[in-house]
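Engineer: Can you look at this prediction? I've put the sequence above it.
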Amino acid sequence: MKKIIDFLKKHLSFLGIILFIFILFKSNLGEILKNIKNVNFSYLILAAALALPILLNKTWCWNYIKRKQGIKYNLKDSFLMYCSGIYVGTLTPGRMGEVIKALYLKKDGYSMGRSLVSIALDRISDLVSLVAFILLSSLFFITVFQKQILILVLGIIIFILLFVIFLKIGLIKWFFKKMFYVFIPEKYRKSWKINFQDFIDDFKIYKLKNYIIIFLISILSWFFYYLQTYILSKAINIDVPFLYLAITVTTAGLITLIPVSVAGIGTRDAALILLLAPFSIFREQAILFSALILLMSLFAALVGLTCWLYKPIRFSKNNN
């Protein structure tokens with residue numbers, strides 16, 4: 001049984017590729033090529049230019065979190081480390097991009113426990129921002145998708161209530177320990193000296209005011225991202241309201257977190273095809289839109305490669 005599970009874990013990502021091939025097989029390749037020829041490159045360049053404020057804003061958020069820990073870097077160095085993590089994360093499986101950012105801090109004398117706090121909070125703030133956005137957006141679409149929205153909202157409320165109860169009954173440390181190991185790939189856990197208590201202690205530093213500021217900065221980052229995807233949609237003549245498109249790419253992004261594809265190939269395409277269908281967006285347009293979103297991710301990775309070449313770090317299994 002263990003061999004079967006290991007085999008599935010190793011080859012699970014190919015499911016997305018198979019799904020993508022199936023989608024292409026069911027599509028009109030000639031129509032896709034026609035849409036590619038009609039791409040408005042002015043919009044494409046504008047969308048690519050928005051990668052810089054997105055990355056700068058995410059760096060600003062991460063820098064703010066670190067500074068509250070007393071881990072002080074200027075914006076330039078934080079930008080180089082953050083973007084290098086994006087580059088490494090694009091090329092490697094698991095959460096190696098997050099690990100690289102922690103290694104930069106560890107190299108400068110901070111424990112792995114303290115280093116992972118800022119990374120964990122950065123990811124949590126993104127998740128909370130997305131959940132908040134979905135809840136607010138549901139108010140606009142409850143008349144269109146009444147049953148589905150009510151189920152979604154009810155599910156999220158139940159999750160939040162269970163989470164609060166979970167924290168109140170004294171299982172906070174257990175929860176944080178589980179979350180702590182989310183950012184460390186299993187094969188590296190034994191080889192690194194990780195101080196979990198540092199992780200817990202530094203989480204106590206943050207007050208409600210700090211969490212609100214982190215949340216607001218994250219919201220700003222997502223606004224730039226939604227604006228970028230909206231411009232991409234205009235580049236290929238997809239006429240969808242900004243708010244609905246934001247919900248669509250958010251949902252598609254959450255689906256790509258399921259570990260059955262590489263860079264969301266296949267799963268993102270399928271999600272966009274289904275979600276854009278109510279606006280009479282053809283399958284071929286949705287596929288191209290998905291490809292442009294992937295292109296922007298690769299462009300961000302290219303920026304990360306430049307940062308990595310400027311500020312590399314030696315990474316090995318026995319790094320401690």
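Structural biologist: That came in fine, so what should we check first?

Engineer: Have a look at this protein and report its longest helix.
Structural biologist: In the chain, taking DSSP state H as the definition, the longest helix is helix 112-141.

Engineer: averaged over its residues, what pLDDT does it have?
Structural biologist: What helix 112-141 shows for mean pLDDT is 73.

Engineer: And stretch 219-229, by the same measure?
Structural biologist: 91.

Engineer: And for stretch 70-81?
Structural biologist: 89.

Engineer: and what of stretch 269-279?
Structural biologist: Mean predicted lDDT for stretch 269-279 stands at 85.

Engineer: That stretch: which residues count as buried?
Structural biologist: Asp269, Ala270, Ala271, Leu272, Ile273, Leu275, Leu276 (16 or more other Cβ atoms under 10 Å). Every C-beta, even on glycine, is put in place using the N, C-alpha and C of the backbone.

Engineer: go on, stretch 66-83?
Structural biologist: Buried residues in stretch 66-83, counted by 16+ other Cβ under 10 Å: Lys66, Lys68, Gln69, Ile71, Tyr73, Ser78, Phe79, Leu80, Met81, Tyr82, Cys83.

Engineer: which residues does the last one contact?
Structural biologist: If you count contacts by Cβ atoms under 8 Å, 6 or more residues apart in numbering, Cys83 has them with Leu55, Thr59, Ala300, Val303, Gly304, Thr306, Cys307, Trp308.

Engineer: about what we covered before: which one of the buried residues of stretch 66-83 is nearest Lys107?
Structural biologist: Nearest to Lys107, judged by Cβ to Cβ, of the buried residues of stretch 66-83 is Met81 at 10.0 Å.

Engineer: Pipe the buried residues of stretch 66-83 into a markdown table and attach secondary structure and distance to Val128 per row.
Structural biologist: Shown next, in a markdown table, are the buried residues of stretch 66-83 (DSSP: H, G, I helix; E, B strand; the rest coil; distance: Cβ to Cβ, whole Å):
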| residue | secondary structure | distance to Val128 |
| --- | --- | --- |
| Lys66 | helix | 19 |
| Lys68 | helix | 17 |
| Gln69 | coil | 19 |
| Ile71 | coil | 22 |
| Tyr73 | coil | 24 |
| Ser78 | helix | 21 |
| Phe79 | helix | 23 |
| Leu80 | helix | 27 |
| Met81 | helix | 23 |
| Tyr82 | helix | 19 |
| Cys83 | helix | 23 |
